[in-house]
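Trainee: here you go, sequence then predicted model.
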Amino acid sequence: MSPHPVAVFVSGTGRHLENFARLAESGELPIDVVLVLANREGIGALERAQRLGLTSLVLDPERELDSEEFSRRAFTACEDAGAQTVLLAGFLRRLAIPPAWRGRVLNIHPSLLPAFGGQGYWGERVHRAVLERGCRISGCTVHYVDDEYDHGPILVQRAVTVEPGEDPDSLAERVFAAELEAYPAALLEHLGK
Ligand code: GAR
């Protein structure tokens, strides 16, 4: 069976992008990354895309478009590239999901949603807030995306115990290790594998 074509949307360092590309290459995931879409220039994810030989597109780095127009162009690019599923991987711009794409856009978030999600909660800020609140457990969530930040039906969660004396960096590292397992597992579930 031919691999399932996916687009990966990025705004940051691109570790998930690289993980997906490697799992596709090794055959551990039955996918083909047909497009990398970024909303910023000069990010690590674009360097990785280039190194991995992936097709990439930077859309609206000056933020001139509203989210409806940005989304319309982004998903048109996905359709032109033949993508059937979109994976948000550290993508930090709100999307208006076109009706035809509902249930086909996945996101990963570095907390156990619905805790510590929503606008302003991304990356290190999430882990800092988790520690400030005194949580004993954190983790990550893969969910379908709707028009609200970090909302939409949950596919997979992985819990991570918060250790005594933890700082945001050490928690981020262990949550990220859980993310690297959770996102491919969620994608397999989405694909019905
Ligand atoms: C990941 O930790 C992901 O959970 C987080 O951004 C990082 C992306 O890393 N996403 C969010 O905070 C979304 N609200 P990467 O660019 O190296 O793949």
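Mentor: That came through, no problem.

Trainee: tell me the SS of residue 150?
Mentor: Recorded secondary structure, residue 150: coil (DSSP: H, G, I helix; E, B strand; the rest coil).

Trainee: now for it, how many residues are close by?
Mentor: Residue 150 has 21 neighbouring residues, counting by other CB atoms under 10 Å. Glycine gets a C-beta too; all of them are placed from N, C-alpha and C.

Trainee: cool, residue 152 as well?
Mentor: 19.

Trainee: which non-adjacent residue is nearest residue 57?
Mentor: residue 37 (5.3 Å; CB to CB, 6 or more residues apart in numbering).

Trainee: what comes into contact with the helix or strand containing the one you found?
Mentor: Per DSSP states H and E: residue 37 is located in strand 31-38. Under the criterion CB atoms under 8 Å, 6 or more residues apart in numbering, residues 2-11, 17, 20-21, 23-24, 45-46, 49, 52, 54-59, 74, 77-78, 81-83, 85, 187 lie in contact with strand 31-38.

Trainee: same question, stretch 157-172
Mentor: Where contact means CB under 8 Å, 6+ apart, the residues beyond stretch 157-172 that reach it are 110, 112-113, 123-124, 127-128, 130-131, 135-142, 174-175, 178-179, 181-182.

Trainee: just the endpoints, please. Distance across stretch 46-59?
Mentor: 12 Å (CA to CA, to the nearest Å).

Trainee: tell me which parts of this protein are close to the ligand?
Mentor: For the chain, the contact set with the ligand under CB under 6 Å from any ligand atom comprises 10, 12-16, 45, 89-90, 108-110, 122-123, 150, 176, 179.

Trainee: distance from the strand holding residue 37 to the middle of the chain?
Mentor: How far strand 31-38 lies from its chain's middle: 12 Å, per CA atoms, centre = their mean, to the nearest Å.

Trainee: nice, that's everything, thank you.
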